[in-house]
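*Asks:* this is the structure alone, sequence omitted:
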């Protein structure tokens with residue numbers, strides 16, 4: 001049985017989310033709600049939620065204030081927000097989940113399914129949130145949280161040489177010669193890292209940090225500083241050439 005706690009200052013938003021959960025997420029058997037941080041704190045102790053659906057922008061105290069008031073937690077946080085793009089990017093960098101308001105039923109279902117898939121990482125929820133705070137307060141020193149098959153790794157963007165698709169996973173190669181298998185697709189990492197302007201997709205299998213590009217051979221091979229030689233797909237060649245010219 002999955003228990004969900006909904007925290008939002010607007011009762012109409014709570015009622016809509018509750019209805020959507022009841023209609024689309026049968027695994028959620030118990031739902032509680034609160035309209036403020038003050039109401040939510042004792043509920044977290046008594047209700048012991050598995051998922052906290054948390055509005056960020058609330059009067060008096062925000063969703064961040066609620067999480068800052070809890071020393072340790074075992075639940076998963078799913079932000080429900082109309083927050084600005086930079087905050088959303090920091091949330092995604094930190095492997096936290098979010099739903100844009102108005103909440104879409106399909107996106108809600110996917111979020112709950114993601115929770116079920118990564119429950120193994122629930123004890124790391126507090127660490128993910130701390131990483132989020134670091135990311136939102138320091139745009140130049142962001143850490144990417146990488147959920148793997150048994151743990152979570154935190155890395156700086158300048159430590160990542162390239163990313164390679166591996167079915168529904170992604171293998172990341174680092175400057176220290178090590179690699180890590182992350183439980184996200186390459187497409188997801190392309191969306192997360194695209195705004196950093198440091199990474200470019202050169203093939204359906206490869207996403208590359210441009211800081212590690214050594215040279216591009218016109219026949220379609222990209223050489224990296226670690227000795228890797230990657231195929232550039234035909235439809236990505238013009239984009240890569242323009243990218244290298246602008247760089």
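*Replies:* Ah, there it is. Fair warning: this is a prediction, and the values are worked out from it, not measured in the lab. Numbering: from 1, shown residues only.
*Asks:* helix/strand/coil for residue 98?
*Replies:* State at residue 98, reduced to three classes by DSSP: H, G, I helix; E, B strand; the rest coil: strand.
*Asks:* which ones are touching it?
*Replies:* 78, 79, 80, 81, 88, 91, 92 (C-beta atoms under 8 Å, 6 or more residues apart in numbering). In short, each C-beta sits where N, CA and C put it, glycine included.
*Asks:* what mean pLDDT does stretch 192-204 get?
*Replies:* What stretch 192-204 shows for mean pLDDT is 84.
*Asks:* what pLDDT is listed against the closest residue to residue 177 other than its chain neighbours?
*Replies:* Closest residue to residue 177 apart from its sequence neighbours, by C-beta to C-beta, 6 or more residues apart in numbering: residue 226 at 8.0 Å. Note on residue 226: pLDDT of 95.
*Asks:* from residue 207, how far out is residue 226?
*Replies:* As judged by C-beta to C-beta, to the nearest Å, residue 226 and residue 207 stand 15 Å apart.
*Asks:* now do residue 21
*Replies:* From residue 21 over to residue 207 the distance is 34 Å, taken as C-beta to C-beta.
*Asks:* next one: residue 150
*Replies:* In terms of C-beta to C-beta, residue 150 sits 23 Å off from residue 207.
*Asks:* higher neighbour count, the two?
*Replies:* Neighbour comparison, residue 150 and residue 207: the larger count goes to residue 207, with 23 against 9 (by other C-beta atoms under 10 Å).
*Asks:* ok, now which ones touch the more buried one?
*Replies:* When contacts are counted by C-beta under 8 Å, 6+ apart, residue 207 touches 162, 163, 164, 186, 189, 190, 193, 199, 200, 201.
*Asks:* out of everything not next to it in sequence, what's closest to it?
*Replies:* Nearest non-adjacent residue to residue 207, counting by C-beta to C-beta, 6+ apart: residue 163, 4.2 Å away.
*Asks:* what's the answer for residue 183, then?
*Replies:* Using C-beta to C-beta, 6+ apart and skipping the chain neighbours, the partner closest in space to residue 183 is residue 147 (4.9 Å).
*Asks:* quick check: phi and psi on that neighbour?
*Replies:* Main-chain dihedrals, residue 147, degrees, to the nearest 10: phi -70, psi 120.
*Asks:* residue 3 now?
*Replies:* Note on residue 3: its backbone torsions stand at phi -110, psi 130 [degrees, to the nearest 10].
*Asks:* same question, the one 4 residues further on
*Replies:* Recorded main-chain torsions at residue 7 are phi -120, psi 110, according to degrees, to the nearest 10.
*Asks:* quick one, what contacts the closest residue to residue 134 other than its chain neighbours?
*Replies:* Excluding its sequence neighbours, the residue lying closest to residue 134 (C-beta to C-beta, 6+ apart) is residue 143, at 6.2 Å. By C-beta under 8 Å, 6+ apart, the contact list for residue 143 reads 93, 94, 131, 134, 135, 154, 155, 156.
*Asks:* could you dump these to TSV with distance to residue 232, neighbour count and secondary structure?
*Replies:* Below are those laid out as TSV (distance: C-beta to C-beta, whole Å; neighbours: other C-beta atoms under 10 Å; DSSP: H, G, I helix; E, B strand; the rest coil):
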residue	distance to residue 232	neighbour count	secondary structure
93	27	23	helix
94	31	23	coil
131	33	22	helix
134	34	16	helix
135	31	23	helix
154	30	17	strand
155	25	16	strand
156	26	12	strand
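*Asks:* which of the residues you listed lies closest to residue 43?
*Replies:* Each of the contacts of residue 143 was scored against residue 43 by C-beta to C-beta, and residue 94 proved nearest at 24.4 Å.
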